[in-house]
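# Return a 3D structure for these sequence lines:
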Amino acid sequence: MENHSQVKHIAVAGNIGAGKTTLCTKLARQFGWEVNYEDTEENPYLSDFYNDMRRWSFNLQIYFLNSRYQQILRIQSGDKTVIQDRTIYEDAYIFAPNLHYMGLMSKRDFDNYFTLFKTMSSQVNPPDLLIYLQADISTLVSHIQRRGRDYEGSMSLEYLKKLNERYEEWISGYTEGKLLVINVDNLDFDGNPEHLGEVVNQVSRELHGLF
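The predicted structure follows:
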């Protein structure tokens, strides 16, 4: 197999609590990939943002955009296959517009942000395979409660619902590259090896189509 046909970039997309990080870890172990996790631990704006969203929304989104863009540049210039926990598109098509819609990011900040995203995304390739974890609200809520992150405790159902609607809208119009949609409502790939096996098989099938 010649190098230019190597699959370099798999990305996992999905709402808060869909199971992205868990699946990234499992698939990386299964296929021998590297993982790029979402930069939440390092993000210097996150706790400020949860205390005062209006003041810090633009800063937070710019930090995520930059961090994700750097990840993609590293993936594309490297020679390893990397699975990415959340994509650059989700920031731009789901989280930032939602903040704007909620009145937590001004129009000029959002326009500035989105123009920057368009410029950056035009300079990089989309993932070879995008895996979207589809989940309903009750699934998301039970996952979020189970992991018990402090700053997620105050999240409203309305907020999650709005995000889910934006996710569905984005995915239904996604034409950047190969897409695999996995509904996780009845899947437990963390605790059930059979469920994980099913997902691994689906991913394998998609990857074979890429070579």
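
# show me where the protein has helices.
Under the criterion DSSP state H, helices of the chain are mapped to 20-31, 46-51, 53-77, 88-90, 96-101, 107-121, 137-147, 157-172, 193-208.

# and the residue minimising distance to the centre of the chain, what is it in contact with?
Residue closest to the average C-alpha location in the chain (C-alpha atoms, centre = their mean): Arg86, at 1.9 Å. For Arg86, the contact set (C-beta atoms under 8 Å, 6 or more residues apart in numbering) comprises 11-14, 20, 38, 68. Every residue, glycine included, has its C-beta placed from N, CA and C.

# Thought Asp185 was touching Thr139, still the case?
Yes - the pair Thr139 / Asp185 is scored as a contact, 5.0 Å apart, by C-beta atoms under 8 Å.

# more neighbours, these two?
Thr139 (20 against 10; other C-beta atoms under 10 Å).

# any idea how far the more buried one is from Asn164?
10 Å (C-beta to C-beta, to the nearest Å).

# got it, and Leu133?
11 Å.

# If you count surrounding residues, which of these two has more?
Counted by other C-beta under 10 Å, Leu133 and Asn164 do not tie: Leu133 has more neighbours, with 25 against 20.

# Please name the residues that touch the closest residue to Thr21 other than its chain neighbours.
Once flanking residues are discounted, Thr21 sits nearest to Asp85: 5.3 Å by C-beta to C-beta, 6 or more residues apart in numbering. When contacts are counted by C-beta under 8 Å, 6+ apart, Asp85 touches 12, 20-21, 24, 35-38.

# okay if I get the residues you listed as CSV plus distance to Tyr50 and neighbour count?
As requested, those are exported to CSV (distance: C-beta to C-beta, whole Å; neighbours: other C-beta atoms under 10 Å):
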residue, distance to Tyr50, neighbour count
Val12, 24, 27
Lys20, 20, 26
Thr21, 19, 17
Cys24, 24, 24
Val35, 25, 16
Asn36, 23, 22
Tyr37, 19, 16
Glu38, 16, 20
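
# Sort out which one of these lies nearest Leu129 for me.
Val12 (9.6 Å; C-beta to C-beta).

# Show me the beta-bridge partners of the closest one.
On the basis of DSSP bridges, Val12 is bridged to Asp85, Ile131.

# And it, how far from Gln202?
Counting by C-beta to C-beta, the gap from Val12 to Gln202 is 13 Å.

# repeat for Ala11
Counting by C-beta to C-beta, the gap from Ala11 to Gln202 is 15 Å.

# Just want to know which of these two has more residues nearby.
Shown here are Ala11 and Gln202; by other C-beta under 10 Å, Ala11 has more neighbours (28 against 14).

# which residues does the residue nearest to the more buried one when sequence neighbours are not counted contact?
Distances taken as C-beta to C-beta, 6+ apart place Pro127 nearest to Ala11, at 3.9 Å, with adjacent residues excluded. Applying C-beta under 8 Å, 6+ apart, we find Pro127 in contact with 9-11, 84, 87, 176-177.

# Same check on Glu194?
Glu194 touches nothing, counting by C-beta under 8 Å, 6+ apart.

# please renumber so the chain begins at 56
In the new count, where the first residue is 56, that last one comes out as Glu249.

# confidence score at the residue nearest to Ala66?
In the prediction, the pLDDT value recorded for Pro182 is 97.
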